[in-house]
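[1] Here's my sequence, what's the structure:
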Amino acid sequence: MSHSYTEENYIKAIYKLSANGSQEVNTNSIAEVLETKAASVTDMLRKLSSKNIVNYVKYKGVSLTSDGERIALKIIRKHRLWETFLVEKLKFNWDEVHDVAEELEHISSSLLTRRLDEFLGFPKFDPHGDPIPSEDGEMKLKKQQLLSDMELGDEGKVVGVNDSQPLFLQFLDKLGIGLGSHIKITDKIRYDNSLEIELNGKKELLLSAEVSKNIFLSA
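    Okay, here's the model as predicted:
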């Protein structure tokens, strides 16, 4: 069964807000993410509930059914494969691909998705380090830790970002930080929780607490 763009955007938003399907989501947070009115959210949730895609109880919150979760993972799979294609084959920067992939993720052909996966060599992770679900919804998770949670002297490779907004990715590019960069914590500033780091064994940088909360290193 095919679903409208709007339905798919709701399903994906609920999946992400529910911490990958593990908790209930309230309607206000969906309205905020999708930049729409709470009344519109309620209408759509009733519609999705009637199709057995969500479990919805008014004033209680919403969660995805197993069907809903399967659909969410399919959309995320397509989105992340398209992002990989745009970066690897069309030479987009990692900060440019999100909006284009948002449009391409709605193409419903499962044959196209399969061929795209094969063409890319069955990648496990997208250009931001996020896992790409397999055809049956399996995701290979990396052992990773937020830079902000690490201690003085800890080190590791950058394996992903917590924030894939273009402004943040452009900032990392400016600093010379990308996937695979090696970071070692040389000092933790107690005043504001900023970190002094050594990048790739040579460059010294000062990262704010906000930046370090959005970088994943291999644990």
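[2] what's near enough to touch the most centrally placed residue in the chain?
    The chain has D130 as the residue nearest its centroid, 5.9 Å off, counting by C-alpha atoms, centre = their mean. Applying C-beta atoms under 8 Å, 6 or more residues apart in numbering to D130 gives the contacts 80, 160, 164. Yep, even glycine has a C-beta here, placed from its N, CA and C like the rest.
[3] my guess is the second one contacts L146, does it?
    What that stands for is G160. No. Checked against C-beta atoms under 8 Å, the pair G160 and L146 is beyond contact range at 9.9 Å.
[4] Okay, the residue nearest to the centre of the chain and V54: tell me how far apart.
    Per C-beta to C-beta, to the nearest Å, D130 is found 23 Å from V54.
[5] what are the ranges of the helices in this protein?
    Taking DSSP state H as the criterion, the chain contains helices spanning 5-17, 27-34, 38-50, 66-88, 97-104, 110-119, 166-175, 209-212.
[6] Pretty sure I183 sits against I197.
    Yes. At 5.1 Å, I183 and I197 qualify as touching, with contact defined as C-beta under 8 Å.
[7] one step back: what sits in contact with each of G160 and L146?
    By C-beta under 8 Å, 6+ apart, G160 and L146 have these common neighbours: F216.
[8] who has more neighbours, those two?
    Neighbour comparison, G160 and L146: the larger count goes to G160, with 21 against 15 (by other C-beta atoms under 10 Å).
[9] mind listing what that one touches?
    Neighbours of G160 in contact, by C-beta under 8 Å, 6+ apart: 125, 128-130, 142, 144, 179, 216.
[10] Please list all residues in contact with the residue of the chain positioned farthest from its centre.
    Most distant from the centre of the chain: Y191, at 30.7 Å, with distances by C-alpha atoms, centre = their mean. Contact analysis of Y191 by C-beta under 8 Å, 6+ apart lists nothing.
[11] any idea how far A209 is from it?
    For Y191, the distance to A209 - C-beta to C-beta - is 10 Å.
[12] what's the answer for L64, then?
    According to C-beta to C-beta, L64 and A209 sit 33 Å apart.
[13] So what pairs up with the nearest residue to L199 once chain neighbours are set aside in the strands?
    Of all residues not flanking L199 in the chain, L205 sits nearest, at 5.6 Å (C-beta to C-beta, 6 or more residues apart in numbering). Beta-bridge partners recorded for L205 (DSSP bridges): I197.
[14] L205 reaches F171, doesn't it?
    No. With contact defined as C-beta under 8 Å, L205 does not count as touching F171 (11.6 Å).
[15] Please name the nearest non-neighbouring residue to E204.
    Using C-beta to C-beta, 6+ apart and skipping residues adjacent in sequence, the residue nearest E204 is E198, 6.1 Å away.
[16] which ones are touching the one you found?
    If you count contacts by C-beta under 8 Å, 6+ apart, E198 has them with 183-184, 186, 204.
[17] Stretch 26-46 - what's its average pLDDT?
    On average, the pLDDT along stretch 26-46 is 93.
[18] returning to that earlier point: next up, the contacts around the residue nearest to L199.
    Counting by C-beta under 8 Å, 6+ apart, L205 touches 175, 196-197, 199.
[19] Surely D163 touches N214?
    Yes. Between D163 and N214 there is a contact under C-beta under 8 Å: 4.2 Å.
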